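A.B. asks: using only what follows, build the 3D model:
(chains A and B)
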Amino acid sequence: MRKTVAFAALVAFGQPALAQEIVAAVIRVDKPGPLPISRLDLMPDDLGFAGGTLGTADNATTGGFMGQTFTTLEVRATLETAEAEMQRLLDGGIRFIVTLADADTTVRLADMGGLVFNAADTSDRLRGVDCRANLLHTAPSDAMLTDALAQFLMWKRWDEWFLIEGSHPEDTALADAYRRAATKFGAKITETRTFEDTGGARRTDSGHVQVQAQMPAFTQRAAAHDIVIAADHAGVFADWLPFHTWDARPVAGSAGLTPVNWHPAHEAWGAMQWQSRFEKQALRPARDQDFQVWMALRSLGEAATRTNSTDPQVIEDYIRGDAFQLAAFKGQALSFRDWDGQLRQPILLASGNVVASVSPQPEYLHQTSQMDTLGIDRPETECNMEGR
Amino acid sequence: MRLLAILAFAAAPAHAEKIFVSNEKGNTITVLDGATHEILHTIEGMQRPRGITASPDGKFLYVCASDDNLVKVYDTASYEELPSLPSGPDPELFVLHPSGNPLYIANEDDNIVTVVDVNTRQVLAEVPVGVEPEGMGVHPDGSIVVNTSETTNMAHMIDTATYEIVANVLVDSRPRFAQYDSDGSHLYVSAEIGGTVSVIDTAKNEIVHKITFDVPGVLPEALQPVGVRLTPDDSKIYVALGPSNRVAVVNGETWEVEEYLLVGQRVWQLGFSPDSKFLYTTNGNSNDISIIDVATNEVVKSVPVGEQPWGVVAIQ
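C.D. replies: Sure thing, here's the model as predicted:
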């Protein structure tokens, strides 16, 4: 009685005679580094690639109705091999490249050609002074993440911040983003301290004994503040702050209430369906990079569907055009900012096991898109694509 | 059990109108008296009820219990739970064939439409469709059932005799709901993220018009069309606009929006009273339904129901 209709039979209707193929690649440039503070944050072996697999599968299902096929290559590289791998992809005629790399590597790869989607790095300079005309960003910028948190804190009237920044350059950049967000939304940074990374293992047996003594001392006698903001891109200390601060204050930023692009507990706006599909396939919860690779590949798929074309130039023009809309489980249509290539998107504020809020907060309005209250807006961009 | 059923039956006159509202978060169905709008009963014992419909004779209530992965069936007179129907995983919305059988169910997680015989409770077919199938509509003559897929962004026209897709129409982002007009010549498909309702000529399977929405002072991204219903004479199309808290009244001939009615928060789905004199809206974030007088387009009343009302159906 049960009848399963073969998929092949479905695609026969009104299809072009020849399947058109869209080929993309995801290149992940891993670099050696210390382990994260928590073993729960260890990097999954398929980080990012798993999101790519799902994006390709979603595109393929839709492509089945359009006579389009989607292929995505996965490339693992190191800082030393990244350029050679990129060259190999470009020589193979692959035009669409999704990168999971640091800021410097991303720029180096983008300068080699193709249309590059940055699905990992959040540096503001990559959208500002170091922007590239052929570089789009599905990863949010530090400015978007910090603005998202700042809006929520202002809504809470927690406007006096104790900023603790790490000692790595990317920590300073993130702290700068918080300083900018404070000025933009009217918060006051009442105290700033730098947590020096003195090296050594991030995790040791019974390491919490020392932490319990060190963190209160480190945060003692700070000027009056509503909340502690941690700017710890490098992941050195922030996870140890909650409950170890001298004053009984909540922690936000790199620990506590954290601005993120994706969270395994996010289920609003149909996100549950994405989580289910991802987890069924990858057998683990998704991370930001997985979602960001998925969005990059879905942008290609959406453009191919809407234009009914696999011509790379047609697809790129559509993605950059006014008609482009990416539905990505954030409750509104996402699109790329034409001034710096950044995907405008709402940011989740996660607290532990739940998504506590989503920014932009409804009270912050904007003349074009409310999402442009997050990050660097057109008048303030330092990106000059024409000049390159 | 029998005694309870009789008591419940006796409490409500046999021919009075009843409104059934699925409460997604409350895990309940609120049963309201259609005349007094008082709560007659609350049906419990399901997880995440969303899509809700009734058999043509009004005797049976079908509910997509999404987190139970089942379609629950209830006797509308006694509220007794009857044997469930298999639904495939995570059923969200469904539509009954005009004859009352079979039931066509969208399975969001599995990219399929499941066809279930409501009498034998057998799965008749599983039809592969696009990514995240959601909206379901059926042609008035029963020949075509349409499914909309939210990530593929298509309306898939499925032949109900062969279970094969005979046409795919690309619509705007995240199509949520599909509704035919009375003679089946036009199909209306709402796109939540795209912000439009596509009007599809079903003879050609082509979009002939896109209804757009604009409310002064409301962010365009908040105008998210979800539920769509047409009056029986096709003169008016009502479109629920989600987080804008409004229902648009669209002229059925010109496809121009004539009015925006302020209802409760995050208005999701719509359902007519059996005589089509009233339209009920489920307002997910204000935990109530709004009642619209169809003749005057006035919102005459709000009635509290359970937590996060999702869908509504009324029977005689």
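A.B. asks: from here on, contacts and neighbour counts on C-alpha atoms
C.D. replies: OK.
A.B. asks: what does the stretch 1-150 of chain B put close to chain A?
C.D. replies: The stretch 1-150 of chain B comes close to chain A at residues B:E108, B:D109, B:V123, B:L124, B:A125, B:E126, B:V127, B:P128, B:G130, B:V131, B:E132, as judged by C-alpha under 8 Å from any C-alpha of the partner chain.
A.B. asks: what do you get if the cut-off is 6 Å, keeping everything else the same?
C.D. replies: Taking C-alpha under 6 Å from any C-alpha of the partner chain as the measure of proximity, the stretch 1-150 of chain B contacts chain A at B:D109, B:L124, B:A125, B:E126, B:V127, B:G130.
A.B. asks: which ones among those residues lie within strands?
C.D. replies: B:L124, B:A125, B:E126, B:V127 (DSSP state E).
A.B. asks: the second one pairs with what?
C.D. replies: Partner residues in beta bridges with B:A125: B:V115, with DSSP bridges as the criterion.
A.B. asks: quick one, longest helix in chain A?
C.D. replies: helix A:288-307 (DSSP state H).
A.B. asks: report the mean per-residue pLDDT for it.
C.D. replies: For helix A:288-307, the mean pLDDT works out to 97.
A.B. asks: over to stretch A:121-132?
C.D. replies: In the prediction, stretch A:121-132 has an average pLDDT of 97.
A.B. asks: next one: stretch B:193-207
C.D. replies: Across stretch B:193-207, the average pLDDT comes to 97.
A.B. asks: before we move on, the earlier item: tell me the one of the ones in strands among the residues of the stretch 1-150 of chain B next to chain A nearest B:S149?
C.D. replies: Nearest to B:S149, judged by C-alpha to C-alpha, of these is B:V127 at 12.6 Å.
A.B. asks: residues of the stretch 151-300 of chain A that sit close to chain B?
C.D. replies: Residues of the stretch 151-300 of chain A lying near chain B (C-alpha under 6 Å from any C-alpha): A:Q273.
A.B. asks: now do the same for the residue nearest the centre of chain A: its pLDDT.
C.D. replies: Central residue of chain A (C-alpha atoms, centre = their mean): A:A139, 2.9 Å from the mean position. Taken from the predicted model, the pLDDT recorded for A:A139 is 98.
A.B. asks: what's around the residue nearest to it when sequence neighbours are not counted, how many residues?
C.D. replies: Closest residue to A:A139 apart from its sequence neighbours, by C-alpha to C-alpha, 6 or more residues apart in numbering or on different chains: A:A119 at 4.8 Å. Using other C-alpha atoms under 10 Å in any protein chain shown, A:A119 is surrounded by 28 other residues.
A.B. asks: please list all residues in contact with A:A119.
C.D. replies: Contact analysis of A:A119 by C-alpha atoms under 6 Å, 6 or more residues apart in numbering or on different chains lists A:T99, A:L100, A:T138, A:A139, A:Q292, A:V293.
A.B. asks: go with 10 Å
C.D. replies: A:26, A:28, A:48, A:98-101, A:106, A:136-140, A:288-296 (C-alpha atoms under 10 Å, 6 or more residues apart in numbering or on different chains).
A.B. asks: understood, closing this out.
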